[in-house]
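> I need the structure of the sequence given here:
(chains A and B)
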Amino acid sequence: MNRSTRNAISLVAVGVFVLVVSLLLIAMVGSSIPKALSSFLRGIVGSTYSIGEVLVRATPLILAALGVSVGFRTGFLNIGAEGQIYLGAIAVTWLGMTFPNLPPVLMITFALILGFLAGGFWSVVPGILKAKFGLSEIINTIMLNYIAINLVGILVRTSLKDPTYPYPMSPILPESTYFPMLLLPTRLHAGLILALVCAALVYLLMFRTSTGFCMRAVGLNKRASICSGISVTGHVVLSSLISGGLAGLAGVSEIAGLHHRLIEGISPSYGYLAIVVSLLGKNHPFLIILSALGIAALQVGSMAMQRSSGVPTSIASIIMGLLVIMILARKQLFGCKEE
Amino acid sequence: MSFLKMIEIDKAFFGKSANTKVNLTVEQGEIHALLGENGAGKTTLMNILYGIYQADSGSIELEGNPVQIKSPKDAINHKIGMVHQHFTLVPTLTVSENITLGLKSPGYPFVKRKQVDEEIRTLSERYHLAVDPTALVNTLSVGQQQRVEIIKVLYRQAKLLILDEPTAVLTPQEVESLFDILRRLRSEGHSVIIITHHIAEVLDLTDRITILRSGEKVGEVATSQTSKEELSQLMVGRKLQNATKSKLPFAYDTKGFEVSSIIGAHEEIGPLSLSVPPGQIVGIAGVDGNGQKALAEIMLGIRKIKEGTIALDGQNLEHLGVKQRRSLGFGYISDDRLLDSLVLDMDLQENLLLTKYRTTDCKKHHLIDYKELHKQTEQAVNEYAIKTGAIEHPVRYLSGGNQQKLILARELAGSPKVVIACQPTRGLDIGSTEEVHKTLLALRREGCSVVLISSDLEEILDLSDTIAVIYRGQIADVIVNEGDVDLTYLGLLMAGTVERRNA
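Reported below is the predicted structural model:
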């Protein structure tokens, strides 16, 4: 049996296994399997609106996962995309509230720059700590997540709070911050285009420029990089900046394209999902688009399933966890080694 | 009846044959050499005997009885012991703890350490393997660690000892004492198999020799009835052409590469001075672990110094980093190919790009021009005769010799002014070693300052114009090599037992 057939068989086997487990879970909660499946599929491709929903959900996942992948490629394990998304969101909210009269072109440009820098700042700090002092970026980025999430909690109750409203949230931002809508009446916004452009840029950076080459070399073999005169410190710091910056853009996109105001919990764990997306996409920008679409479809579909056949969405999380483990263990389980 | 018989052993990895119908017979009380180039299948054969690999076909007989050896544990039960090329000791444990690791010692689980220590002491005295059982392994020299490995095997009552390249890391004196130990073991009735590619040692020590070439047995001879020439011909399959060094007919008038009174940032080196004129190879001889690597890294700028100067043609460069020094024409061949020189998961092109990416000739509009890079890689592959399936294969799948050729192609590109070669032929077969030596001599002709750091004395003697002996981070003495070097004196310098003669 040659490698490619074995590979194909193992993928099919993973698919069948995950499908069987999901059907068992659906049966366990007492729902009708055909009804659940059809509502799952209709939730994803049943209407223009549902397709739009999948794309809306995929947008922040693509951006944050691109960020995660740039870090991973350089050996900077950024677990802090969640916090960096919030920083991007804070940045655009602050900009919109402080300079409400900027024309849209400037507003969006500044929002992107500021959001990138804010997210980048949140990641470059652990980046510098890692590169200079060897402190674990994993721990530090996770800790900064807590700080970022609670920082948003404080801000929406104090300086960024909407004074006319009793709940902790910012006022609606001026329309100049809004991303253009792409496919009314769906919620699809220009963030998707931003994400696709970023994917292309990340591809160019990582696989076509010498900076990207150095970053990948540092990620694969630090010693060899040092011996050939590639600065490990510099490239780790740069990659952490870009990594957090892209996650920051995800935050900007969520506010400017979707919510138009800062609220607590604007990111339902997109930052953590982004790690999964990046892993499934083998840290490659184009595969990341595919895996983000897949994860988004899984989530959107399972929400539809919950609405129309009462299957809890937690099943989607279980399936996702299972899928990741199976895909990571696939090579060992089925004995197909990477070429 | 022979003590050990391996009959018609076949072993293939991924369809590539490593051993083809190999027969090996070892008598009791015999030192038997398994001679062959790297990749000839010596270690594979011994790993089969020791139960690390299973043979695809063939059988093993011990004292006439067929045996199945499925794991090292089985091998130990059959009184077979192996000392690996890379030692398997825990540095933070004592000698006796290392020796009894994995065994249920008397008193287990509350081991009577004193009693064990006493047993080990008796054993080591019996075979003249002087080691203190209570010493921590990380305080021992390489030679002492090897003795611990041998005691470990004897403590498990091995009758047959397998030693994989045992002399690679030893000084001449340590080699002599190892050979004494092995002879003593022979006289006590033990059988010994040593894996090696050093013909001189084989002739000195062994009783019989089995020669392997490309996985096949090409001969078995009694040591007393063979010669250096016959062995090397059997081993390589052709007559060897030693790289010969001829005196340069002229001298360069630049100063070349100089380090003076340097002290390493962590005092691992120095004070140390060395001058490498252009067109000369300065060999740094010494036992592994005397600061060779630190010296190489200081020269390239990977490590910092706190005092002293480093200069190329009179230009000071101690404040420059690796990148700047490389752009001045430094090449570095590290002793650790896999860690220092290659990114194993990148392909051949990208590994060349590691130093090339700074030059503009593989770039178009600031982007890497992969077409041009591919062309240049093909050129390098042809020029250095690198054997690879495809240029896009990760270098992980190249053999050691081909990996080293790729590194040479990269480091020696663009006629470098200084080349620091650290153990450049370690782990290479004779053919590849020859290539590396020729390349270094070619560099010398072109006026490059070559620093050759090697623990292989023969290599140093063959190639160097000047030999500097390094001991504990300092140069013990510098000897001009005109083919009449006093080897005893060199050995004593390496062992640190003499002061320099005329200092």
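
> residues contacting A:Val277?
Contacts for A:Val277 (Cβ atoms under 8 Å, 6 or more residues apart in numbering or on different chains) come out as A:61-62, A:64-65, A:68, A:288, A:291-292, A:295. (Glycine included, C-beta is placed from N, CA and C.)

> Switch these over to CSV; also include neighbour count and pLDDT.
Output for the contacts of A:Val277, formatted as CSV (neighbours: other Cβ atoms under 10 Å in any protein chain shown; pLDDT from 0 to 100):
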residue, neighbour count, pLDDT
A:Leu61, 28, 97
A:Ile62, 31, 97
A:Ala64, 38, 97
A:Ala65, 37, 97
A:Val68, 33, 96
A:Ile288, 29, 96
A:Ser291, 22, 93
A:Ala292, 32, 95
A:Ile295, 25, 92
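
> For A:Ile263, give me phi and psi.
Backbone torsions for A:Ile263, taken as degrees, to the nearest 10, come to phi -130, psi 160.

> residues touching it, list them.
Here A:Ile263 is in contact with A:156, A:168-170 (Cβ under 8 Å, 6+ apart).

> go with 6 Å
A:Met169 (Cβ atoms under 6 Å, 6 or more residues apart in numbering or on different chains).

> That one pairs with what?
For A:Ile263, the beta-bridge partners are A:Met169 (DSSP bridges).

> Beyond the strand or helix carrying B:Gln146, next helix or strand please.
Under the criterion of DSSP states H and E, B:Gln146 resides in helix B:142-155. For helix B:142-155, the following helix or strand on the C-terminal side (DSSP H and E) is strand B:160-164.

> That following strand packs against which elements?
Applying 3 or more Cβ pairs under 6 Å, 6 or more residues apart in numbering or on different chains; DSSP states H and E, one finds that strand B:160-164 makes contact with strand B:80-83, strand B:191-196.

> mind saving the C-alpha coords of it as CSV?
Extracted C-alpha coordinates of strand B:160-164, given in CSV (Å, rounded to 0.1, in the frame of the first residue of the first chain):
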residue,chain,number,x,y,z
LEU,B,160,30.6,-10.9,24.6
LEU,B,161,31.3,-7.1,24.5
ILE,B,162,30.4,-5.0,21.5
LEU,B,163,32.1,-1.6,21.3
ASP,B,164,30.9,0.8,18.7
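
> picking up where we left off before, from the contacts of A:Val277, which land in helices?
A:61-62, A:64-65, A:68, A:288, A:291-292, A:295 (DSSP state H).

> Of those residues, just say which sits nearest to A:Gly115.
Distance to A:Gly115 across these (Cβ to Cβ) is lowest for A:Ala64, with 12.2 Å.

> list the contacts for the closest one?
Contacts of A:Ala64 by Cβ under 6 Å, 6+ apart are A:81, A:247, A:250, A:270-271, A:274.

> ok so, going back, measure how the helix holding B:Gln146 sits relative to strand B:160-164, angle-wise.
150 degrees (axes from the mean of the first three to the mean of the last three Cα atoms, to 10 degrees).

> What sits closest to B:Glu297 if chain neighbours are left out?
B:Arg303 (4.3 Å; Cβ to Cβ, 6 or more residues apart in numbering or on different chains).

> And the pLDDT at that neighbour?
B:Arg303 is assigned 90 on the pLDDT scale.

> Same question for B:Ser449.
Predicted confidence (pLDDT) for B:Ser449: 93.

> Tell me, how many residues neighbour it?
29 (other Cβ atoms under 10 Å in any protein chain shown).

> In a strand, B:Pro278, correct?
No - using DSSP: H, G, I helix; E, B strand; the rest coil, the assignment for B:Pro278 is coil, not a strand.

> what about it, distance to B:Asp313?
Applying Cβ to Cβ, to the nearest Å, the value for B:Pro278 to B:Asp313 is 8 Å.

> More neighbours: which of those two?
For B:Pro278 versus B:Asp313, the count of surrounding residues by other Cβ under 10 Å is larger for B:Pro278: 22 against 17.

> Could you check the pLDDT of whichever residue of chain A sits closest to chain B?
Scanning chain A for the residue nearest chain B gives A:Gly229, at 3.5 Å (criterion: Cβ to the nearest Cβ). Predicted confidence (pLDDT) for A:Gly229: 90.

> Touching, it and B:Leu320? I think so.
No - checked against Cβ atoms under 6 Å, the pair A:Gly229 and B:Leu320 is beyond contact range at 10.1 Å.

> And the two? Which one has more around it.
A:Gly229 (22 against 17).

> Helix, strand or coil: sort out that one for me.
coil.

> What residues does it make contact with?
Counting by Cβ under 6 Å, 6+ apart, A:Gly229 has contacts B:322-323, B:326.

> So, low pLDDT: which residues of the chain?
By default, I'm working from chain A. A:1-3, A:335-339 (pLDDT under 70).

> Not quite, go with chain B.
B:14-15, B:38-39, B:238-250, B:498-503.

> Centre-most residue in it?
Centre of chain B computed as the mean C-alpha position; nearest residue by Cα atoms, centre = their mean is B:Arg426, 3.9 Å away.

> so which helix or strand takes in it?
Applying DSSP H and E, one finds B:Arg426 in no helix or strand.

> How about it, nearest residue that isn't a chain neighbour?
Going by Cβ to Cβ, 6+ apart, B:Arg426 has B:Asp335 as its nearest residue, at 5.9 Å.

> re the thing from before, among the contacts of A:Gly229, which lie within helices?
Going by DSSP H, the helices hold B:322-323, B:326 from these.

> so can I have CSV of the contacts of A:Gly229 showing distance to chain A and neighbour count?
Output for the contacts of A:Gly229, formatted as CSV (distance: Cβ to the nearest Cβ, whole Å; neighbours: other Cβ atoms under 10 Å in any protein chain shown):
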residue, distance to chain A, neighbour count
B:Val322, 4, 21
B:Lys323, 3, 14
B:Arg326, 5, 22
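
> thought the residue nearest to B:Arg426 was touching B:Ala421?
No - the pair B:Asp335 / B:Ala421 is not scored as a contact, 9.1 Å apart, by Cβ under 6 Å.

> Going by how many neighbours each has, rank these two and give me the top one.
B:Ala421 (29 against 20).

> tell me the contacts of that one?
So B:Ala421 contacts B:333, B:452 (Cβ under 6 Å, 6+ apart).

> How about B:Pro271?
B:261, B:263.

> next one: phi and psi at it?
Backbone phi and psi, for B:Pro271 under degrees, to the nearest 10, turn out to be phi -70, psi 140.

> for B:Leu452, same thing?
Torsion angles, degrees, to the nearest 10, at B:Leu452: phi -110, psi 110.
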